[in-house]
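Visitor: Predicted structure and sequence below. I'll ask about it afterward.
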Amino acid sequence: MAELKDSPKTGFEKIIEYFNNSLKINHPVAIAKIVEDTGFSWSFVKKTLTKINEEFTGFHFEKSGNTWIMWKDRDHLIKKLDDTCSRLRDNSKDET
């Protein structure tokens, strides 16, 4: 039986892998470069980057002039955590 790591990757997973393995820290890149490097369509890349921006930390995505740029501020993007100590601390301030 094949292991899970041998299963085909989704486009989302391939773009995450691209960011983690190909981009330098704090080095902005345009969507056009990601489209060129991954072979995905511009609209798919933009939709995926919007989702990554909402769900991951260490990733920045914004419009600059007439183009969208993105960069990472750490080696690997990590999933945002819902339950953190700071969130609990902020909630306790509201209760006092």
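Guide: Looks like it came in fine. Residues are numbered from 1 along each chain as shown.
Visitor: can you give me the strands for this protein?
Guide: Secondary structure of the chain, counting by DSSP state E: strands at 29-30, 56-57, 59-64, 67-72, 78-79.
Visitor: Mean pLDDT, distance to Asp37 and mean neighbour count added to those strands, as JSON lines?
Guide: Every residue, glycine included, has its C-beta placed from N, CA and C. As requested, the strands of the chain are arranged in JSON lines below (pLDDT from 0 to 100; distance: least, CB to CB, whole Å; neighbours: other CB atoms under 10 Å):
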{"stretch": "strand 29-30", "mean pLDDT": "94", "distance to Asp37": "9", "mean neighbour count": "16"}
{"stretch": "strand 56-57", "mean pLDDT": "90", "distance to Asp37": "19", "mean neighbour count": "14"}
{"stretch": "strand 59-64", "mean pLDDT": "90", "distance to Asp37": "16", "mean neighbour count": "13"}
{"stretch": "strand 67-72", "mean pLDDT": "91", "distance to Asp37": "13", "mean neighbour count": "18"}
{"stretch": "strand 78-79", "mean pLDDT": "88", "distance to Asp37": "22", "mean neighbour count": "11"}
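Visitor: residues in contact with stretch 41-50?
Guide: Residues outside stretch 41-50 that contact it (CB atoms under 8 Å, 6 or more residues apart in numbering) are Gly11, Phe12, Ile15, Ile31, Ala32, Ile34, Val35, Thr38, Phe40, Phe61, Trp68, Met70.
Visitor: redo that, cut-off 6 Å
Guide: Identification of contacts with stretch 41-50 by CB atoms under 6 Å, 6 or more residues apart in numbering yields Phe12, Ile15, Ile31, Ile34, Val35, Phe61, Met70.
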